[in-house]
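Participant: Give me a model of this one.
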Amino acid sequence: MSDSYESAANSNETVASFGQPRSFAHKVQHALHVTPSLVPLMVLMAAILGFAIVLGDKFLSPFAMTLILQQVQIVGIVALAQSLVILTAGIDLSVGAVMVLSSVVMGQFTFRYGLPPEVAIICGLICGALCGLISGVLVAIIKLPPFIVTLGMWQVVLATNFLYSKNETIRSQDIEANAAILQFFGSRIEIGGAIFTYGVIFMILLAFLLAYALRYTAWGRHVYAVGDDPEAAELSGVNVRRTLISVYVLSGLICAFAGWTLIGRIGSVSPTSGQLSNIESITAVVIGGISLFGGRGSILGTLFGALIVGVFTLGLRLAGADPQWTNLLIGMLIIAAVAVDQWIRKVSA
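Facilitator: Residues are numbered from 1 along each chain as shown. Predicted coordinates for the structure are as follows:
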């Protein structure tokens, strides 16, 4: 009789332990797991507040705020492309090279072959999508590791870029006189002291469009499912191959748009520009809270990650600090972001 009483008491204690409220740390962990963009948003707000206190109106002016957007527009667009691939537990080391090659195709098709610039732009966009298609087929159908595929594509596309362009730069004056549409994304709109470019507007609209697609469409749910567990996704009816190929093609297309934006940003078509975009895009994605293991993260977080880099870069420059402090702080943020990601992932373990 006493044994059964003790067993019932133990059972009641077990049930009671399940009913205990969660700790504050566990609640925070769960909130960050559900909304991964919260961390980069808080870091961004803290960085803006910190530099505002130190620098005052010099940093908080509309011109300075929109200057940050202008400086991160290229990396931001490329990082959005990178985000899609990383959400599928892959990585794309060729995004920067694809961007530059697409811009070179747009410029060379216009000035070397005499095509209308609108047609040349379409050719450049197709070039970017085709590069993504090749990577997607190699990853999804041939089953090669994304790191190896995109590392090889980076070298191939980079070499193609220099061989095709013959390392020639198309000058800004020539573009302005004969193909101004190539510089479309560099056009500016001034609103009360704030200066926006069409490239900045495109980056923001693209981020919200991708965020909507990933959250509210079947395709978006399939992307997360493939990144979380491709085998389980396959068993639940998701066409993993088609999803992966679509992600790489879309990533390549977005990189081509980044190439068009790059022409507007620098004014010319240069085969040597944007060489660090692949690393910078990964930096924005990681700081933005997207897990390198795939299946978790937010496109808006990537946008916040790119803005964090821009805020630190401009803030430290206005403060007169050595540029190496920017690299130091960004490196620390990358390590911290990965550590936070590992901690957040424990909530689903």
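Participant: any chance you could read off phi and psi for Ile170?
Facilitator: According to degrees, to the nearest 10, the main-chain angles of Ile170 amount to phi -90, psi 120.
Participant: Run a quick neighbour tally on it.
Facilitator: Here the number of neighbours of Ile170 (other Cβ atoms under 10 Å) works out to 25. Every residue, glycine included, has its C-beta placed from N, CA and C.
Participant: Run through the bridge partners of it.
Facilitator: Applying DSSP bridges to Ile170 gives these bridge partners: Val269.
Participant: Next up, the contacts around it.
Facilitator: For Ile170, the contact set (Cβ atoms under 8 Å, 6 or more residues apart in numbering) comprises Gly107, Gln108, Phe111, Ser268, Val269, Ser270.
Participant: Met232 reaches Tyr224, doesn't it?
Facilitator: Check again: residue 232 is Ala, not Met. No - the pair formed by Ala232 and Tyr224 falls short of the contact definition of Cβ atoms under 8 Å, at 11.7 Å.
Participant: can you redo the contacts of Ile170 as CSV with neighbour count and pLDDT?
Facilitator: Putting these into CSV (neighbours: other Cβ atoms under 10 Å; pLDDT from 0 to 100) gives the following:
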residue, neighbour count, pLDDT
Gly107, 28, 96
Gln108, 21, 96
Phe111, 20, 95
Ser268, 20, 94
Val269, 29, 95
Ser270, 20, 93
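Participant: Make CSV out of these and add distance to Leu44.
Facilitator: Supplementary listing: the contacts of Ile170 in CSV, determined by distance: Cβ to Cβ, whole Å:
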residue, distance to Leu44
Gly107, 35
Gln108, 39
Phe111, 40
Ser268, 32
Val269, 33
Ser270, 31
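Participant: what's the closest of the residues you listed to Ile121?
Facilitator: Top of the list for closeness to Ile121, among the contacts of Ile170 and by Cβ to Cβ, is Gly107 at 9.9 Å.
Participant: so what does the host helix or strand of the closest one touch, helix or strand wise?
Facilitator: With elements taken from DSSP states H and E, the one containing Gly107 is helix 95-111. Contact here means 3 or more Cβ pairs under 8 Å, 6 or more residues apart in numbering; DSSP states H and E; on that basis helix 95-111 packs against helix 62-87, helix 117-140, helix 146-165, helix 172-178, helix 240-266, helix 277-287.
Participant: Mean pLDDT, distance to Ala337 and mean neighbour count for those - can I get that in JSON lines?
Facilitator: JSON lines is the format used below for the helices and strands packed on helix 95-111 (pLDDT from 0 to 100; distance: least, Cβ to Cβ, whole Å; neighbours: other Cβ atoms under 10 Å):
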{"stretch": "helix 62-87", "mean pLDDT": "94", "distance to Ala337": "13", "mean neighbour count": "25"}
{"stretch": "helix 117-140", "mean pLDDT": "97", "distance to Ala337": "25", "mean neighbour count": "22"}
{"stretch": "helix 146-165", "mean pLDDT": "96", "distance to Ala337": "19", "mean neighbour count": "18"}
{"stretch": "helix 172-178", "mean pLDDT": "92", "distance to Ala337": "37", "mean neighbour count": "14"}
{"stretch": "helix 240-266", "mean pLDDT": "97", "distance to Ala337": "21", "mean neighbour count": "25"}
{"stretch": "helix 277-287", "mean pLDDT": "92", "distance to Ala337": "5", "mean neighbour count": "25"}
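Participant: of all those helices, which lies closest to Leu209?
Facilitator: Each of the helices and strands packed on helix 95-111 has some distance to Leu209 by Cβ to Cβ; the shortest is helix 62-87, at 9.5 Å.
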